[in-house]
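J.: Test case, fold it:
(one chain, ligands or ions: 2)
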Amino acid sequence: MTTSLIINKKRYEVELEGHETLLEVLRDKLGLTGTKTSCNESECGACTVNINKKAILSCITLAKDVEGVEVTTIEGLSDGENLHPVQQSFLDCGAAQCGFCIPGMIMSCNALLENNLNPTQEEMNYALDGNICRCTGYLKIFEAIELAAGRIKEHKHTVDSADHLVKEKQPKVLSQK
Ligand code: FES
Ligand code: FES
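T.: Numbers count the residues shown, from 1 in each chain. Ligands and ions are numbered 1, 2, ... in the order given. Sure, this is the predicted structure:
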């Protein structure tokens, strides 16, 4: 069965057996190995991707069920030149050790910040509840979320101010009788 998948804004026509998970298709058919396989049974969060601003476990999602839906993986976060603020903040805070869990962590954090740029500690705990890290304490990860939230807010403020200036410079159209 040929299925149309939209991954990181790119459309793929993929031959599916029907039972394949999104994780299997991402890694084995599309070569998008940034999304990690670990428990394969919804326990660790390593396979997290984003769909409709939500963190989704790709190991328990059938690929056929996301036909035509936009999926974002860790590879789709950066713009190609610059890291996404969440990625950059993880780097700057030293929030990774071996790095294996980090793509899933980042996708969970991204989903959180897509919906809420002022998360409380409780909301951060909840967002990362399903993401397990064997190496590190979670403190630096929480610091990275706060840093990323600040950077995204700053960026939005800059863009909004620039838009405002452009509008002000537009010549006013005088009403004519
Ligand atoms: S591999 Fe999907 S939750 Fe562990
Ligand atoms: S950084 Fe090693 S498992 Fe999280």
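
J.: can you map out the helices along the chain?
T.: Assigned by DSSP state H, the helices in the chain fall at 22-24, 85-93, 102-115, 121-127, 139-169.

J.: Specify the stretch among those that is closest to ligand 2.
T.: Proximity to ligand 2, assessed across these by CB to the nearest ligand atom, is greatest for helix 102-115 (5.8 Å). Where you see a C-beta, it was placed from the backbone N, CA and C, and this is true even at glycine.

J.: and that closest one, is it in reach of ligand 1?
T.: No - Helix 102-115 lies out of reach of ligand 1 by CB under 6 Å from any ligand atom, never closer than 7.6 Å.

J.: Other residues contacting that helix?
T.: 34-36, 44-50, 53-55, 72-74, 77, 84, 86-87, 90, 95-96, 119, 123-124, 127-128, 130-131, 133, 141, 144-145, 148-149, 152 (CB atoms under 8 Å, 6 or more residues apart in numbering).

J.: any idea of the angle it forms with helix 139-169?
T.: Going by axes from the mean of the first three to the mean of the last three CA atoms, to 10 degrees, helix 102-115 is angled at 40 degrees with respect to helix 139-169.

J.: Can you tell me which residues in the chain are near ligand 1?
T.: Listed as neighbours of ligand 1 in the chain under the rule CB under 6 Å from any ligand atom: 37-40, 42-47, 57, 59.

J.: List just the nearest of those residues to Leu165.
T.: Gly45 (42.0 Å; CB to CB).

J.: okay, now the residue nearest to His84 when sequence neighbours are not counted: neighbour count?
T.: Counting by CB to CB, 6 or more residues apart in numbering, Leu77 is the residue found nearest to His84 once chain neighbours are left out, at 3.9 Å. Neighbours of Leu77 under the rule other CB atoms under 10 Å: 19.

J.: And Leu77, what's its pLDDT?
T.: Note for Leu77: predicted pLDDT of 97.

J.: Could you pull up the residues touching it?
T.: 83-84, 86-87, 106-107, 110.
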